[in-house]
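Asker: Following is a predicted model, sequence given first.
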Amino acid sequence: MVKYTFSRSYNNGITWTKPKRSNLNSPASPATLKRIPNTDKLILVWNNNSGDVWSGYSRTPLNITISSDGGETWGQNIKLEQDLSSMFAYTSITFLQGEMLFTYYHSSTENPHYYNLVFKKVSQEMLFKKFKSSDL
């Protein structure tokens, strides 16, 4: 099973720690990792499955998770999208006035050559309420 690996730099990228395997599944699809402004929390948006990227179902579901310890551990997974007949990927996150703005592409497995750009706005406060307090 393929997992994301993380490496850290403590000197602005001059040297890096040995990569450490996480508990997060990776279908060879890009993820987005950002620090939530004015917090010590990281947010990750990714496809939580270990499928082959060419299987047609490897880019669903699209999940969010939060780390409160710099990415050493990750909390529960919240599904942003979960339609198994669709694919979601190439995410971005922007923070604006207490809200998280997510964009990503959507494609149906029935018509994989037709793409939509999805925009979702989620308040930080509402997202934090969905996570267990132990995750934050």
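Answerer: Looks like it came in fine.

Asker: Neighbours of the nearest residue to Ser85 once chain neighbours are set aside, how many?
Answerer: Counting by CB to CB, 6 or more residues apart in numbering, Ser85 lies nearest to Thr109, which is 5.4 Å off, once chain neighbours are set aside. For the C-beta atoms, the positions are set from N, CA and C on the backbone; glycine is no exception. Neighbourhood size, Thr109 [other CB atoms under 10 Å]: 15.

Asker: Pretty sure Thr109 sits against Arg59.
Answerer: No - with contacts counted by CB atoms under 8 Å, Thr109 stays clear of Arg59, the gap being 9.4 Å.

Asker: Find residues that contact each of the two.
Answerer: Counting by CB atoms under 8 Å, 6 or more residues apart in numbering, the shared contacts of Thr109 and Arg59 are Met87.

Asker: Scan this protein for its longest strand.
Answerer: What stands out as the longest strand in the chain, according to DSSP state E, is strand 111-123.

Asker: Who are the packing partners of it?
Answerer: Here strand 111-123 touches strand 99-108, going by 3 or more CB pairs under 8 Å, 6 or more residues apart in numbering; DSSP states H and E.

Asker: quick check: angle from the strand it packs on to strand 111-123?
Answerer: Counting by axes from the mean of the first three to the mean of the last three CA atoms, to 10 degrees, strand 99-108 lies at 160 degrees to strand 111-123.

Asker: Need the contact partners of strand 99-108.
Answerer: With contacts defined as CB under 8 Å, 6+ apart, strand 99-108 is touched by 36, 43, 45, 62, 80-81, 85-95, 113-124, 127.
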